[in-house]
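Colleague: below are the sequence and a predicted model; questions follow.
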Amino acid sequence: GWPVLAQVTGSSAWKADINIRKRNADFIVESNLLGLSSSLPEPFNKTANTAMPFRMERSAPDATREQFKISLGKEARALLVQRSDSNGSYWERGVLALGDGELRLPEKGMNVQVTLPRVDGDAWKTALSMPAAPPSKTVAESSGSGLALGQVSIKTPSMRAFGREFNQVDVALRPREGGW
């Protein structure tokens with residue numbers, strides 16, 4: 001599952017615009033997220049009576065690809081590309097920008113760009129932690145449909161991580177065999 005979803009409660013009204021052409025449907029889903037509360041760390045912490053505009057747009061640039069553009073206020077934007085072929089559908093590449101990060105798709109995998117006034121890495125580690133599970137292959141590993149993390153870039157004047165405060169952080173992290 002997604003541990004972050006356990007920290008979002010409530011319900012919210014939404015609207016959708018669906019455009020059907022031949023065997024393809026493009027859509028836009030929008031909501032102000034009033035009625036949802038989140039105990040996630042900043043910038044996603046919100047009360048149920050606080051609006052935060054949400055928009056998800058799905059389009060199909062061609063017969064083999066779907067593109068998803070997602071925005072959550074000024075706090076987050078994402079662009080994801082899913083490809084379909086004779087073996088099924090799989091996530092090809094994507095980018096998530098928190099704050100002022102630029103939405104530039106990588107050649108493959110998923111990049112995360114964080115450009116915020118403050119980042120609390122310790123709070124995010126707690127929010128994203130899940131109970132230990134027995135060792136096994138995940139669905140993404142076994143099916144090949146997962147989106148491998150390619151790079152995490154963080155640029156912030158203030159960051160908390162590992163129980164310490166850091167100033168003027170500008171770092172790019174890439175996974176390597178056995179770690180980062």
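Modeller: Here it is on my side, so go on.
Colleague: which of the helices and strands in this protein ranks last by mean pLDDT?
Modeller: helix 139-143 (a mean of 39; mean pLDDT, DSSP states H and E).
Colleague: just checking, next helix/strand downstream of that one?
Modeller: Next helix or strand after helix 139-143 toward the C-terminus (DSSP states H and E): strand 149-161.
Colleague: what is that following strand packed up against?
Modeller: Packing partners of strand 149-161 (3 or more Cβ pairs under 8 Å, 6 or more residues apart in numbering; DSSP states H and E): strand 109-115, strand 119-120, helix 121-128, strand 164-173. Heads up, the C-betas are built off the backbone N, CA and C, glycines and all.
Colleague: turn those into CSV, columns for distance to Thr9.
Modeller: Shown next, in CSV, are those (distance: least, Cβ to Cβ, whole Å):
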stretch, distance to Thr9
strand 109-115, 25
strand 119-120, 21
helix 121-128, 14
strand 164-173, 31
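Colleague: tell me which of these sits nearest to Val81.
Modeller: Among the helices and strands packed on strand 149-161, the nearest to Val81 by Cβ to Cβ is strand 109-115 (10.5 Å).
Colleague: contacts for the closest one, please.
Modeller: With contact meaning Cβ atoms under 8 Å, 6 or more residues apart in numbering, strand 109-115 is reached by 91, 93-102, 104, 147-156.
Colleague: buried only: go through the residues you listed for me.
Modeller: With burial judged by 16 or more other Cβ atoms under 10 Å, the buried subset of the contacts of strand 109-115 is 91, 93-99, 101, 147, 150, 152-156.
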